[in-house]
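Asker: Sequence first, predicted coordinates after that:
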There are 2 protein chains.
Amino acid sequence: MTTLNETHDTALTSWVDSANDADSGFPVQNLPYAVYRRRGSQEAWRPGVAIGDRVLDLAALARQNPYDGLAAQALAACTGSNLNALMALGQPHWSALRLALSRALRAGSPLQGQLEPLLVAQADAEYTTPAHIGDYTDFYISLHHATAVGRQFRPDNPLLPNYKWVPIGYHGRASSIGVEQRFPRPVGQTRPSADGQAPQFGPCQRLDYELELGVYVGKGNAQGERIPLDQADEHVFGLCLLNDWSARDIQGWEYQPLGPFLAKNFASTISPWIVTMEALEPFRIAWNRQEGEPQPLPYLSSERNRTHGAYDVELEVFLATEASRQAGHAPARLSASNFRDAYWNIAQLIAHHTVNGCNLQPGDLLGTGTLSGPAPDQAGSLLELTQGGKTPIELPWGETRTFLQDGDQVILRAHCQKAGYPRIGFGEASGTVLPAR
Amino acid sequence: MTTLNETHDTALTSWVDSANDADSGFPVQNLPYAVYRRRGSQEAWRPGVAIGDRVLDLAALARQNPYDGLAAQALAACTGSNLNALMALGQPHWSALRLALSRALRAGSPLQGQLEPLLVAQADAEYTTPAHIGDYTDFYISLHHATAVGRQFRPDNPLLPNYKWVPIGYHGRASSIGVEQRFPRPVGQTRPSADGQAPQFGPCQRLDYELELGVYVGKGNAQGERIPLDQADEHVFGLCLLNDWSARDIQGWEYQPLGPFLAKNFASTISPWIVTMEALEPFRIAWNRQEGEPQPLPYLSSERNRTHGAYDVELEVFLATEASRQAGHAPARLSASNFRDAYWNIAQLIAHHTVNGCNLQPGDLLGTGTLSGPAPDQAGSLLELTQGGKTPIELPWGETRTFLQDGDQVILRAHCQKAGYPRIGFGEASGTVLPAR
């Protein structure tokens, strides 16, 4: 179990000046991981850690071999083209490396001279998927989203009887997950215009985003063995942003009885940075069911989970369009919500996923599902914000949107903030819709 | 496009005598691939090809480097612990290696003396998953299965309106796919005994098998690009058997609205051997919709697909129990069906899966879904054979079954057979249910 330690000390500053900017998002208390190289180069992809507006090259640091013990073992796992080896090591190794990097990057570190040549400006870097994602599971943990969307697919039956008992999830496509994606509008079948007619076929007309967080599995479990709720923390490495692009018209026609398929698997955009659970420790909060809601079954319920189950993470969605970019407007904020409003929490997802003996592996990604809040303007998708396309939203530069147009760029951002603690940023997940092929 | 060639010559025999036995299943016209090592050893897993009751060590053959050109390149891709590199090369390479192996293993080959030391008895070998399966997709292509199962989950609405237009599929779990699996009975939530009550929780009471074929993707496609129907053959490497174990009671409670999850992802058992599409070429048959059925949309329809779309593959399910093993009975055959009776075919699955730009990768596995035939005794699951557990089946040694009991072993087998051609076998997919933990 992670606890607060010297790496969370609010008095710490870094010898990388930009990390001490209150809005940096990447102070020395954060230290998120990514896999990067110099933009446009043919260099090997390698793990890095963010500090202010820089990336520290962990593969190069590993070659200098400045540590011993667990930190050295953890750093030695940061020399490949993904973070799976580090993820597989487990919490004591993750903590040891975090402490070592915190000490190395804080003001006054004797390693400053040695590390300065290993820094690259984030503006000069490009990123790739930071883990080999063996399996991707998407959950559905916002009651507000499930109700709003359910109403549109099943007006008479928005919330199914299982929702308040089962953390509903399904398997998604791992191969089409990427960072900074630019993808053609998907093509496919949609519902016939009249019963008994052939379906319609063509480019999706109701293309949407979904505002989610992604949870990276750290240590896995053997097939046939479950991860108990109170051990789940040891199996979670960190969080990223996740845009689960959705073709609503394809989804509406294909999804019964086995769930969404082509409506989702053409692209899923993640943020390059993984914010570790240890960096988020100061933002753990109690998790409680509201009065009148059923208490979870015993395998999804514990005192520890009630007192520490949730995280306070602010989420935002921004939209830029062809027109806004040409006119030089900043992206417009479409909505904001908070992870704390979810109906289920991360430990419950891990315990549920493995209760039947399903094996998780390092690098697996669990999506939370769209994180809509209780208020209408906290909706995490256009489907919700526009009431199924019936009420267009107005953009500050005069355009309107029901669903996404070609050229639209959706940007997800997240951060943690509280008085007296530096802002912990997630960076952003950005993706752009191209015309259908 | 593969065509019949000298490797399909029925006059060919092998210098490995057991390959010439009419019932071998692994004659020189088959040449399926697996990844194996000597049973109980710590040897490296390596690709092998079956000939009669032997396995030829392809990694060792590659070190001898007896070929040049495409065959040498293909053989050089057979030195790792999976077949993904070979799968990625594509049809010309696969054909070249098949031809080279056919010539090397046929009677009179000058390579006999060189190859004999590279053979191991299959009885002395153990197998592992032959590919790194990046993504696993399960389809639902038997109309007979979809109707029978639909009737049990939705009595008033067994076949949904999309079924005859959309090759229904969903993403499954890749991590829990394996060969010769022995897994504990899954545990989970099931439907409350009365509306408004808490769900029940415990070991699955309605554990079932599903008789399927698995389709290994060979060459992949880039994200955003689709594979046209008539190019699908170039992207399919071969077939295996697949048992998609299913916890029907967990499935019934969890599956709406996003599809099956914990009901399926605890285990999926494949056969170790991959029968290549080229070996199956003599068993291609026309694919036709029965009169009165709608014709597929243009992206799922072509002259070539109608004349060559289907395969004639006989499938069988066998059951052994604790009691039958103790009494020395042979496993009982529960049912038999044929792949030709499926409503959709392999090329259609590939074209549909990629029509939205979803990227397939070498080694991806597509399940067909349960291959039930039109007659009740051709059902590919206990759910169908026992009418949802209402009508127990009687086993020859006096036991009955509605769903699977602890200790039950399910064995799937398949073969292709026609007059004047040696039997092409698939080996078997075998898995055993252990008590819940």
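Answerer: Good, I have the coordinates. Fair warning: this is a prediction, and the values are worked out from it, not measured in the lab. Numbers count the residues shown, from 1 in each chain, chains lettered A, B, ... in the order given.

Asker: how's chain A carved up into domains?
Answerer: In terms of domains, chain A is parsed into A:6-128, A:136-434 (source: the TED database).

Asker: now do the same end-to-end measure for the first one.
Answerer: Domain A:6-128 stretches 31 Å from its first residue to its last (CA to CA, to the nearest Å).

Asker: Quick one: mean pLDDT over that domain.
Answerer: If you average the pLDDT over domain A:6-128, you get 97.

Asker: Whether it contacts chain B - can you check?
Answerer: No. Judged by CB under 8 Å from any CB of the partner chain, domain A:6-128 and chain B are separated, with a smallest distance of 13.1 Å. The C-beta positions use only the backbone N, C-alpha and C, and glycine is treated the same way.

Asker: quick revisit: Serialize the domains of chain A to JSON lines and add fields for distance to residue B:237 and mean neighbour count.
Answerer: Shown next, in JSON lines, are the domains of chain A (distance: least, CB to CB, whole Å; neighbours: other CB atoms under 10 Å in any protein chain shown):
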{"stretch": "domain A:6-128", "distance to residue B:237": "26", "mean neighbour count": "19"}
{"stretch": "domain A:136-434", "distance to residue B:237": "16", "mean neighbour count": "21"}
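
Asker: With distance to residue B:404 added, can I get the ones you listed in TSV?
Answerer: Formatted as TSV, the domains of chain A follow (distance: least, CB to CB, whole Å):
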stretch	distance to residue B:404
domain A:6-128	34
domain A:136-434	15
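
Asker: ok now the longest strand seen in chain A, how far from the chain's centre?
Answerer: As assigned by DSSP state E, the longest strand anywhere in chain A is strand A:421-434. Relative to its chain's centre, strand A:421-434 lies at 9 Å (CA atoms, centre = their mean, to the nearest Å).

Asker: now for it, which elements pack on it?
Answerer: strand A:181-184, strand A:236-243, strand A:268-270, strand A:275-276, strand A:409-418 (3 or more CB pairs under 8 Å, 6 or more residues apart in numbering or on different chains; DSSP states H and E).

Asker: Go ahead and measure how far the first one is from the middle of the chain.
Answerer: With CA atoms, centre = their mean as the basis, the distance from the averaged C-alpha position of strand A:181-184 to the chain average is 18 Å.

Asker: hey, what's residue A:46 bridged with?
Answerer: On the basis of DSSP bridges, residue A:46 is bridged to residue A:36.

Asker: One more: the one 5 residues further on?
Answerer: On the basis of DSSP bridges, residue A:51 is bridged to residue A:54.

Asker: and the gap between it and chain B?
Answerer: 32 Å (CB to the nearest CB, to the nearest Å).

Asker: Residue A:25 versus that residue, what's the distance?
Answerer: To residue A:25, residue A:51 is 11 Å away according to CB to CB, to the nearest Å.

Asker: can you check residue A:75 too?
Answerer: From residue A:75 over to residue A:25 the distance is 24 Å, taken as CB to CB.

Asker: again, but for residue A:332
Answerer: Counting by CB to CB, the gap from residue A:332 to residue A:25 is 20 Å.

Asker: What pairs with the longest strand of chain A, parallel or antiparallel?
Answerer: Counting by DSSP bridges, strand A:421-434 is paired with strand A:181-184 (parallel), strand A:409-418 (antiparallel).

Asker: out of the helices and strands packed on strand A:421-434, which comes closest to residue A:428?
Answerer: Among the helices and strands packed on strand A:421-434, the nearest to residue A:428 by CB to CB is strand A:409-418 (4.9 Å).

Asker: about what we covered before: for the helices and strands packed on strand A:421-434, which one sits closest to residue A:89?
Answerer: Nearest to residue A:89 among the helices and strands packed on strand A:421-434 is strand A:236-243 (9.6 Å), distances taken as CB to CB.

Asker: For the next helix or strand after the closest one, which outside residues touch it?
Answerer: Note on strand A:236-243: by DSSP states H and E, the next helix or strand toward the C-terminus is strand A:246-247. By CB atoms under 8 Å, 6 or more residues apart in numbering or on different chains, the surrounding residues in contact with strand A:246-247 are A:186, A:188, A:204, A:206-210, A:260, A:262-264, A:266, A:381, A:383, B:356.

Asker: Name the nearest of these relative to residue B:373.
Answerer: residue A:262 (27.8 Å).

Asker: For stretch A:291-309, the averaged confidence score.
Answerer: pLDDT averaged over stretch A:291-309 gives 95.

Asker: which residues sit in contact with residue A:279?
Answerer: Contacts for residue A:279 (CB under 8 Å, 6+ apart) come out as A:29, A:30, A:31, A:32, A:98, A:238, A:424.

Asker: Go through those residues and flag which are in strands.
Answerer: A:238, A:424.

Asker: May I ask which two of the contacts of residue A:279 are separated the most?
Answerer: Distance extremes for the contacts of residue A:279: the farthest pair is A:29 and A:238 at 14.3 Å, using CB to CB.

Asker: can you tell which of the domains of chain A is closest to residue B:410?
Answerer: Proximity to residue B:410 (CB to CB) singles out domain A:136-434 among the domains of chain A, at 17.0 Å.

Asker: From one end of the closest one to the other, what's the distance?
Answerer: 24 Å.

Asker: what does stretch A:268-281 give?
Answerer: End residues of stretch A:268-281 are separated by 27 Å (CA to CA).

Asker: Repeat that for stretch A:32-45.
Answerer: Stretch A:32-45 has an end-to-end distance of 16 Å (CA to CA).

Asker: Now tell me what touches that stretch from outside.
Answerer: When contacts are defined by CB under 8 Å, 6+ apart, stretch A:32-45 is touched by residues A:26, A:46-50, A:55, A:58-59, A:81-83, A:86, A:120, A:124-130, A:238, A:272-276, A:279, A:426-427.

Asker: Same question for stretch A:3-23.
Answerer: Contacts to stretch A:3-23, defined as CB under 8 Å, 6+ apart, come from residues A:24, A:26-29, A:31, A:51-54, A:95, A:98-99, A:102, A:105-109, A:112, A:119, A:278, A:281-282, A:420-423.

Asker: now swap in stretch A:103-115 and tell me
Answerer: For stretch A:103-115, the external contacting residues (CB under 8 Å, 6+ apart) are A:12-16, A:19, A:28, A:31, A:51, A:56, A:61, A:64, A:66.

Asker: same thing but at 10 Å, please
Answerer: Applying CB atoms under 10 Å, 6 or more residues apart in numbering or on different chains, the contact partners of stretch A:103-115 are A:6-7, A:9, A:11-17, A:19-20, A:27-29, A:31, A:49, A:51-52, A:54, A:56-57, A:60-61, A:64, A:66-67, A:71, A:100-102, A:118-119.

Asker: wait, is residue A:333 part of a strand?
Answerer: Yes. Counting by DSSP: H, G, I helix; E, B strand; the rest coil, residue A:333 is found in a strand.

Asker: Next one: it from chain B, what distance?
Answerer: Distance from residue A:333 to chain B, by CB to the nearest CB: 28 Å.

Asker: And residue A:186, by the same measure?
Answerer: 4 Å.

Asker: Identify the residues contacting that residue.
Answerer: Residues in contact with residue A:186 (CB under 10 Å, 6+ apart) are A:203-204, A:207, A:245-247, A:249-250, A:262-267, A:433, A:436-437, B:224, B:226, B:355-358.

Asker: where exactly do the helices run in chain A?
Answerer: Ranges of helices in chain A, per DSSP state H, are A:58-64, A:69-76, A:84-89, A:91-105, A:112-115, A:143-153, A:248-254, A:277-280, A:303-308, A:322-327, A:346-354, A:382-385.
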